[in-house]
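Asks: Here is the input, now give the coordinates:
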Amino acid sequence: MQHGEAAKLGTDHAQKKKQKLGVWLFWVYTIVYAIFVAIGVTNYEMMGKIVMGSQNLAVVFGFGLIVFAIILGIVYNQICTGYENKLNKEEDKK
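Replies: Residues are numbered from 1 along each chain as shown. Below you'll find the model as predicted:
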């Protein structure tokens, strides 16, 4: 038995804005990650200092990077959904 298309794919009028936002968020994350690496390379003793509870800076910063990446993904999704709804709705009116 053959199934039809799962979703109709058309022109994505928000593609350029989504791409620009994705690149921008990539650079934001890259800068934060570079700070983490720079601290680890230049001042590795600092990474061993206890900063939260019994956890050192390396652990807290590492988990922070993971949480930050998830937050950036959620923000990207929300903004891109808004772009798609707005720009594709404008195309439907034409």
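Asks: C-alpha only now, for contacts and for neighbours.
Replies: Noted.
Asks: Backbone torsions only: list them for Asn56.
Replies: Per-residue torsions, Asn56: phi -90, psi 170 (degrees, to the nearest 10).
Asks: And the helices in the chain, which stretches?
Replies: With DSSP state H as the criterion, the chain has helices at 15-42, 44-47, 57-93.
Asks: State the distance from Met52 to Val59.
Replies: 10 Å (CA to CA, to the nearest Å).
Asks: rewinding a little: any idea which of the helices of the chain gets closest to Gln2?
Replies: Ranking those by proximity to Gln2 (CA to CA) places helix 57-93 first, at 29.4 Å.
Asks: how about the closest one: buried residues?
Replies: Residues Leu57, Ala58, Phe61, Leu65, Leu72, Tyr76, Cys80, Tyr83, Glu84, Asn88 are the ones in helix 57-93 that count as buried (16 or more other CA atoms under 10 Å).
Asks: Take the helices of the chain and write them to a markdown table, including mean pLDDT and distance to Gln2.
Replies: Output for the helices of the chain, formatted as a markdown table (pLDDT from 0 to 100; distance: least, CA to CA, whole Å):
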| stretch | mean pLDDT | distance to Gln2 |
| --- | --- | --- |
| helix 15-42 | 97 | 31 |
| helix 44-47 | 93 | 57 |
| helix 57-93 | 91 | 29 |
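Asks: Of those helices, which is nearest Gly4?
Replies: Closest to Gly4 of the helices of the chain is helix 57-93 (CA to CA; 22.9 Å).
Asks: got the angle for that closest one vs helix 15-42?
Replies: Between helix 57-93 and helix 15-42, the angle comes out at 170 degrees (axes from the mean of the first three to the mean of the last three CA atoms, to 10 degrees).
Asks: elements contacting helix 57-93?
Replies: Counting contacts by 3 or more CA pairs under 8 Å, 6 or more residues apart in numbering; DSSP states H and E, helix 57-93 packs against helix 15-42, helix 44-47, strand 50-52.
Asks: in the longest one, what counts as buried?
Replies: If you call a residue buried by 16+ other CA under 10 Å, then helix 15-42 has these buried ones: Lys18, Gly22, Leu25, Tyr29, Phe36, Ile39, Gly40.
Asks: Could you single out the nearest of these to Leu9?
Replies: Nearest to Leu9 among the buried residues of helix 15-42, with distances taken as CA to CA, is Lys18, at 16.7 Å.
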